[in-house]
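In: have a look at this prediction, sequence included:
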There are 2 protein chains.
Amino acid sequence: MARPGTEELRRRNRAALLEQLHRHGPQTRAELTEALGLNRSTIATIATDLAESGHIQETTGRSTGSAGRPSTLVECVPKAESVAAVEIRADRVRFALFGLGGEVLERAESPLLTGVEGPAAAEAAAALVGGSGAEAVAAVPGLVDAGAVAHSTELGWTGRDVAADLAAATSREWRVVDTATAAAVGEWSRGDAHDATRLLYLHGGRGLTAGLVVEGRAQRGGSIQLGHIVVEPGGLACACGLRGCLEAEMEAFGYAEDIESATAAAGMGDAAARDGLRRSGEDLGRALGAVVTATGPDEILFGGWLRELYLSAAAPVRSALAETTLPHLRSRLRLRTPVLGEEGPLIGAAETGFAALIDRMR
Amino acid sequence: MARPGTEELRRRNRAALLEQLHRHGPQTRAELTEALGLNRSTIATIATDLAESGHIQETTGRSTGSAGRPSTLVECVPKAESVAAVEIRADRVRFALFGLGGEVLERAESPLLTGVEGPAAAEAAAALVGGSGAEAVAAVPGLVDAGAVAHSTELGWTGRDVAADLAAATSREWRVVDTATAAAVGEWSRGDAHDATRLLYLHGGRGLTAGLVVEGRAQRGGSIQLGHIVVEPGGLACACGLRGCLEAEMEAFGYAEDIESATAAAGMGDAAARDGLRRSGEDLGRALGAVVTATGPDEILFGGWLRELYLSAAAPVRSALAETTLPHLRSRLRLRTPVLGEEGPLIGAAETGFAALIDRMR
């Protein structure tokens, strides 16, 4: 079988080295040699290339080895490449500019009026972002399909082409991912979920959404409207027009605004609060049973206000999940809470941009 | 940006041309030029290469144009590359050897005893397949994960490493896909579902499974135990240990053996049969609501005995689906029956092998 040309190999190796430093931070040449499976002279050539193009620098850093001799570390130059990430919420737009290696170079946010429409939200994002970043990525809470928000309980949008709104406001291209998927990418890249092959992130905002990422990458069709899994056929009317949706049955809006009060009251022995949490946990576990059967994740992270719900109602969530999921699917499944908190969606949106940026270098 | 080397481009183009002929059948050089976006001299060079390696041949074929002058057609040489496909069922193993272009070169089957174990099924497959085919692919009904059958209602297997059993019996490597996923790949490649981006195929055998393929390719995690979506919490006991599974609620085993009698009786006005079909359709529609919400397909095919159920109970399936799926997800969803019948899983298993074989040529 023929081998790829020399220049192509060199390009691929450059991208691989940059990705390695971007993901894992400063390393010695010896560590890079080991991690990438390339020989020392190839690493030296690539490092020279990347230093010349301004992407990396070598610094004398930490002491290693028994002699305590300081070794030279290779690291990204943060400003060499950057990605603009925004998160659109019901009440505000958050922005951060991330440099190579994941450092935050700039940060800003601006309030949004309740019930804001797509173009107005895009204008607010445009004012924050301007032309910054080689890639621009927006995280939006809802069902995202090919750049458009098909349904968002949180924003009250249906069929809103956010990518087009953002492009019109900024005269540049945007990637749009749903907030749950962005948070999943974030937790996989910079959180504590790197071992998960199929990671399902649950996002509790004003609506309940989920994002499935496979090996850290957002998937087409991975944006899941968890809140609209019907857990009670013919049950309570939901704002979406269906009946018995998880969101409606959990009275999600009440919790979204004040999960802390509910968990505090339950902690104080309030029977109604305890019962509400238990039943909500059961409903959530049952909805998850269907999602797990259909998508086969190996890790689930409970994010947003679902974190508090899970911490207070882990037992009912787990028992309802156990009653609705085959043993094989349960046996490999870890349930956990995310570690990046509110930063997850922005970090993940940025990592989605960096993945595209590094792919283009190959 | 640097361009790939000449030899690599040539290799890619050869693979693209072969894939085009494999998928779409004999074509003129002018049609190939058009389809692949390459110029005539490039097509001529590749065609010469592939003719020399024995993969294609040129024949004087059909008349085209107003003058009725016969034009030269480029076509695959079926025996140049072949893939061995087997389908393991509860009662038999089916085998077909497919040549390039999709032609069946050999076909055979042998009975299996009820309750057969993995190694015995693998021995039966080995006797049929021998060393034939450059790739060997098995379709197995159940939840397939990394070559192993985690759960199969139809075969009664749990945690059976079929890929290892087949490898041990034949001294070669095997790919294993679940039957529903294989059938989905078949319908996408050689059936009538090529327009579907995310195709969900439902397979009714002794158990109910589903396979999700994206742009015709089997997905890791795309093997879905449809029969074990819980549609009735706390409902009927299922053989898997859960309660209220779709399979248990539909009394799937009875239908699997005799759906024709049930639909015939309903057609004759038997009220109990009609009621059973309606309720089964509703249960199926509700289970699908959850699967559609979690996976976002744009087409669903009702295969195996679910074809008959759907043809007799389309209205309750559709109404239950409408009650459990967001309008956006429904609006782009087509419900249909497959066109390849019993051949779907074998054809799809073979196409999975050809996809791997052609990928290796790139």
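Out: Thanks, I have the structure now. Residues are numbered from 1 along each chain as shown, chains lettered A, B, ... in the order given.
In: does chain B sit close to stretch A:288-297?
Out: Yes. Where contact is defined by C-beta under 8 Å from any C-beta of the partner chain, part of stretch A:288-297 touches chain B, namely A:Gly289, A:Ala290, A:Val291, A:Thr293, A:Ala294, A:Thr295, A:Gly296, A:Pro297. Using the backbone N, CA and C atoms, a C-beta is placed for each residue, glycine as well.
In: in helices only, show me the residues you listed.
Out: Per DSSP state H, helices hold the following members of the residues of stretch A:288-297 next to chain B: A:Gly289, A:Ala290, A:Val291, A:Thr293, A:Ala294, A:Thr295.
In: as JSON lines, the residues of stretch A:288-297 next to chain B with neighbour count, pLDDT and distance to B:Arg107 would be great.
Out: Compiled in JSON lines, these are given as follows (neighbours: other C-beta atoms under 10 Å in any protein chain shown; pLDDT from 0 to 100; distance: C-beta to C-beta, whole Å):
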{"residue": "A:Gly289", "neighbour count": "27", "pLDDT": "97", "distance to B:Arg107": "41"}
{"residue": "A:Ala290", "neighbour count": "28", "pLDDT": "97", "distance to B:Arg107": "39"}
{"residue": "A:Val291", "neighbour count": "27", "pLDDT": "97", "distance to B:Arg107": "40"}
{"residue": "A:Thr293", "neighbour count": "27", "pLDDT": "96", "distance to B:Arg107": "35"}
{"residue": "A:Ala294", "neighbour count": "28", "pLDDT": "96", "distance to B:Arg107": "34"}
{"residue": "A:Thr295", "neighbour count": "24", "pLDDT": "95", "distance to B:Arg107": "36"}
{"residue": "A:Gly296", "neighbour count": "26", "pLDDT": "94", "distance to B:Arg107": "33"}
{"residue": "A:Pro297", "neighbour count": "26", "pLDDT": "96", "distance to B:Arg107": "39"}
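In: and those residues as a markdown table, adding distance to A:Arg160?
Out: Shown next, in a markdown table, are these (distance: C-beta to C-beta, whole Å):
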| residue | distance to A:Arg160 |
| --- | --- |
| A:Gly289 | 31 |
| A:Ala290 | 27 |
| A:Val291 | 24 |
| A:Thr293 | 31 |
| A:Ala294 | 26 |
| A:Thr295 | 25 |
| A:Gly296 | 31 |
| A:Pro297 | 28 |
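In: from those, which is closest to A:Gly186?
Out: Among these, A:Pro297 lies closest to A:Gly186 (C-beta to C-beta), at 16.4 Å.
In: need phi/psi at that closest one.
Out: A:Pro297 adopts backbone torsions of phi -70, psi 160, taken as degrees, to the nearest 10.
In: now A:Phe98
Out: According to degrees, to the nearest 10, the main-chain angles of A:Phe98 amount to phi -100, psi 130.
In: try A:Gly344
Out: Recorded main-chain torsions at A:Gly344 are phi -50, psi -50, according to degrees, to the nearest 10.
In: please identify the helix or strand for the nearest residue to it once chain neighbours are set aside.
Out: Nearest-residue entry for A:Gly344: A:Ala183, 3.7 Å, with adjacent residues in sequence omitted and distances by C-beta to C-beta, 6 or more residues apart in numbering or on different chains. A:Ala183 is part of helix A:179-190, with elements assigned from DSSP states H and E.
In: packing partners of that helix?
Out: strand A:135-140, strand A:198-204, strand A:208-214, strand A:217-224, strand A:299-304, helix A:344-361 (3 or more C-beta pairs under 8 Å, 6 or more residues apart in numbering or on different chains; DSSP states H and E).
In: having no further points to raise, I will conclude here.
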